[in-house]
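Peer 1: After the sequence you'll find the predicted model.
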Amino acid sequence: MFTSKGFTLLELIVVILIIGILGSLGFTQYTVALERSRTAEGIQVLGAIRQAQLGYYLEHSSYADNLTLLGYFPDVAVYLASLKYFTGNVRVMNGSAANNGAIGRVRRAALSSNNPFGSYCLDINTNGTITCCDSDLDWYQTGDPPDGSCHKLGFKKYDD
C-alpha cells in the first residue's frame, strides 16, 4: 500500500492561487486607504482657504478670486508651504455658479507612481461642504483624466 507524505503539485498550485487572489484584493484596499489619507492634506488646506475666504468676505463683501489676495492670512501661507501631495495645485475661486459655488480648490497631480488614481480635485464651498471632481479641465487642458477617482475615494461628485 502506497502512502503519501507530501502535497501534490495541484494542491500547491491551488494554494498559491488563493494566496495571490487574496493578496491582490488586500493591496487594492491598501492603495485606496493610502490615497484617502493623502486627501487629508487637501482637506486641511481647503479648511484654511475657507476661513481666509470668509474673513475676506467680511472685509470686502465678495470672495477673493486670486490666491495672492488671501496672502495676509497666516494659516493659508503655512499650509501652502507644507504641501506634499497637492503641490502647486491650489486655487481660490469667487463662489459663483460657474464654479458650482466653490471658493477653494486643490488638485491632485496626474497619474504617477505615488498616485494610482489619476488627477482629481477637491472643492470647498462657503458652508464647508467638500465635493470632488474627476477632472479639472480649466487647469488641465490635455484631456480628461481617468474617471472614477472620486467614487473610489468615497467622495461626492458634482454630478451625483
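Peer 2: Looks like it arrived, so ask away. Because the structure is a prediction, the values reported are computed rather than measured. Numbering: from 1, shown residues only.
Peer 1: Tell me how far the longest helix anywhere in the chain lies from the chain's centre.
Peer 2: When the chain is parsed with DSSP state H, its longest helix is helix 9-60. Helix 9-60 sits 8 Å away from the centroid of its parent chain (C-alpha atoms, centre = their mean, to the nearest Å).
Peer 1: With stretch 63-71 instead?
Peer 2: The mean C-alpha position of stretch 63-71 is separated from the chain mean by 22 Å, C-alpha atoms, centre = their mean.
Peer 1: Buried residues, it. List them.
Peer 2: For stretch 63-71, a neighbour-count test (16 or more other C-beta atoms under 10 Å) marks 63-64, 70 as buried. In short, each C-beta sits where N, CA and C put it, glycine included.
Peer 1: can you redo the residues you listed as a markdown table with pLDDT and secondary structure?
Peer 2: A markdown table is the format used below for the buried residues of stretch 63-71 (pLDDT from 0 to 100; DSSP: H, G, I helix; E, B strand; the rest coil):
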| residue | pLDDT | secondary structure |
| --- | --- | --- |
| Tyr63 | 89 | coil |
| Ala64 | 88 | coil |
| Leu70 | 79 | helix |
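Peer 1: which one of the residues you listed is nearest Ile124?
Peer 2: Nearest to Ile124 out of those is Tyr63 (C-beta to C-beta; 11.6 Å).
Peer 1: That closest one and Arg50: what is the separation?
Peer 2: 10 Å (C-beta to C-beta, to the nearest Å).
Peer 1: Fine, thanks again, bye for now.
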